[in-house]
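With the input below, show me the fold.
(chains A, B, C and D)
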2 protein chains.
Amino acid sequence: MHPALQQQLEGKITLTTEQEQLVNSCYKPRLTKRGEILLEKGNVARYLFFVVKGCLRVFLTKDDGSEWTRFLIFENHFGTAFPSFVQQKPSVAAIQSMEASELLMISRQDSQILMQEIPGWETMMRMGLELDYIASIERIESLITLDAKERYNILMQTQPGLIQRLPNKIIADYLGISQETLSRLKSKK
Amino acid sequence: MHPALQQQLEGKITLTTEQEQLVNSCYKPRLTKRGEILLEKGNVARYLFFVVKGCLRVFLTKDDGSEWTRFLIFENHFGTAFPSFVQQKPSVAAIQSMEASELLMISRQDSQILMQEIPGWETMMRMGLELDYIASIERIESLITLDAKERYNILMQTQPGLIQRLPNKIIADYLGISQETLSRLKSKK
DNA sequence: TAAAAAGATTGACAATAGTCAATAAATCAT
DNA sequence: ATGATTTATTGACTATTGTCAATCTTTTTA
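Modelled structure (predicted):
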């Protein structure tokens, strides 16, 4: 099993040899180039991605060409265009690799097989889901209660690496502001 | 079993008599008055609520007295101050009954007992969680991609009942705008 | 390394939304 | 019903953020 995945399971679940083989057969490795599109808007998100190395972004596009970053997925985290993946319907969001990345990917069907076949796997997934949901609740809170500057300050405190690693434009999208506004915030504070 | 809860389980899970008794012993009924506080900020959210009749709101308060509605929970939906409930830590949000309401409530511990004891219960919870998470992702999208007027129009299309039922102030909080702005949007469109 | 491309900053102005205050309307309780 | 309280609307002004354009900087690539 991939060591990064192994580490992810540590303390949460212990697998028999057969179970480990099943897990291995479900997760497919994938390498991406910087900028590579993993899912186009309008297609169904067939895979859940685990980022071993690199960074993905899930983003929205409008007809006028503007873009909005819905989520960023860093090392040792799972992510995908979630509504599309769960409901297996066309995605409104696209997924792009922000850096040359190393991924493990699993289909919805295989994910369900693991939940059925491996006792404790669904519990692990459910608990992961709870944490993702909590993170998204906290993002909603910051969007409705804070102004742009406060949101930026919090991001700097909680995810300083993110700011160094990604272009301004992406961070601005993620915060729900224009890149010019972000640029001005940075000089002000 | 309460018919509203029964209906909720329909098509998702079938219970034996013993299982049904276990479920019944876990869900406690509660009646609330309009305006009643079910959880104060700073306390741990011990219960997940199922709204049989009425409406709850989960809201944030700041020191200056301003309030923000994080979530609204209507008939036949589950909800609570989720981060606090899952992690059993003090809540930043409070919960209030917006109308005289009829609720069923279950503790985190009892919820876990049901997931352990009843095959399929955790799957049902996990799938419910997926849908809640999707709803929150869509709310994030609307907050970062749409302006106040667009958000209000969508709310009017998707939840017209909500607008008639709740005071302006609450809807404004929920949309992340001031009540004056909401009042102006309503006359404009 | 130089040219080209992409990204970041800054200025000027416009648009959106917030705040404070006054008034009007609706709801509640006696 | 009626006075009291809460809620909603409107006006005037302010603050925040967005847009467009120009310039500067960094990164890529040939």
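
OK, contacts around residue A:148?
A:175, A:176, A:177, A:181, A:182, A:185 (Cβ atoms under 8 Å, 6 or more residues apart in numbering or on different chains). The way it works is simple: take the backbone N, C-alpha and C, and place the C-beta from them, glycine included.

Also residue A:1?
A:20, A:23, A:24.

For ChimeraX, write the select line for the buried members of those residues.
For the buried members of those, the matching ChimeraX selection, counting by 16 or more other Cβ atoms under 10 Å in any protein chain shown, is:
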select /A:23
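
any chance of the contacts of residue A:1 in TSV, plus distance to residue A:52 and pLDDT?
Shown next, in TSV, are the contacts of residue A:1 (distance: Cβ to Cβ, whole Å; pLDDT from 0 to 100):
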residue	distance to residue A:52	pLDDT
A:20	17	97
A:23	15	98
A:24	14	97
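
returning to that earlier point: could you tell me which of the contacts of residue A:148 count as buried?
Members of these classed as buried by 16+ other Cβ under 10 Å are A:175, A:176, A:177, A:182, A:185.

Pick the one among those residues closest to DNA strand C.
Nearest to DNA strand C out of the buried ones among the contacts of residue A:148 is residue A:182 (Cβ to the nearest atom of the strand; 6.6 Å).

coming back round to it: a markdown table please, covering the contacts of residue A:1 and showing secondary structure.
Formatted as a markdown table, the contacts of residue A:1 follow (DSSP: H, G, I helix; E, B strand; the rest coil):
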| residue | secondary structure |
| --- | --- |
| A:20 | helix |
| A:23 | helix |
| A:24 | helix |
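
mean confidence for stretch A:171-187?
Across stretch A:171-187, the average pLDDT comes to 94.

now stretch A:25-43
For stretch A:25-43, mean pLDDT is 94.

Check which residues of it are buried.
Within stretch A:25-43, the residues that count as buried by 16+ other Cβ under 10 Å are A:26, A:27, A:30, A:32, A:36, A:38, A:39, A:41.

any bit of the least confident helix or strand in chain A by mean pLDDT sitting next to DNA strand C?
Counting by mean pLDDT, DSSP states H and E, chain A has its least confident helix or strand at helix A:160-165, which shows a mean of 88. No - contact of helix A:160-165 with DNA strand C (Cβ under 7 Å from any atom of the strand) is absent, the minimum separation being 9.4 Å.

Show the subsequent helix or strand relative to that helix.
The element immediately downstream of helix A:160-165 (helix or strand, assigned by DSSP states H and E) is helix A:168-175.

May I see the buried residues of that following helix?
Under 16+ other Cβ under 10 Å, the buried positions of helix A:168-175 are A:170, A:171, A:172, A:173, A:174, A:175.

and the helix ranked longest in chain A, average pLDDT?
In chain A, assigned by DSSP state H, the helix with the most residues is helix A:121-145. Helix A:121-145 shows a mean pLDDT of 96.

now the contacts of residue A:148 as a markdown table including distance to residue B:148?
Shown next, in a markdown table, are the contacts of residue A:148 (distance: Cβ to Cβ, whole Å):
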| residue | distance to residue B:148 |
| --- | --- |
| A:175 | 17 |
| A:176 | 13 |
| A:177 | 15 |
| A:181 | 17 |
| A:182 | 21 |
| A:185 | 21 |
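
Do you have the helices of chain A handy? List them.
Using DSSP H, helices in chain A cover A:3-9, A:17-26, A:82-87, A:108-117, A:121-145, A:148-158, A:160-165, A:168-175, A:179-188.

can these go into a markdown table with extra columns for distance to residue A:53?
Below are the helices of chain A laid out as a markdown table (distance: least, Cβ to Cβ, whole Å):
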| stretch | distance to residue A:53 |
| --- | --- |
| helix A:3-9 | 8 |
| helix A:17-26 | 19 |
| helix A:82-87 | 22 |
| helix A:108-117 | 22 |
| helix A:121-145 | 20 |
| helix A:148-158 | 21 |
| helix A:160-165 | 12 |
| helix A:168-175 | 18 |
| helix A:179-188 | 27 |
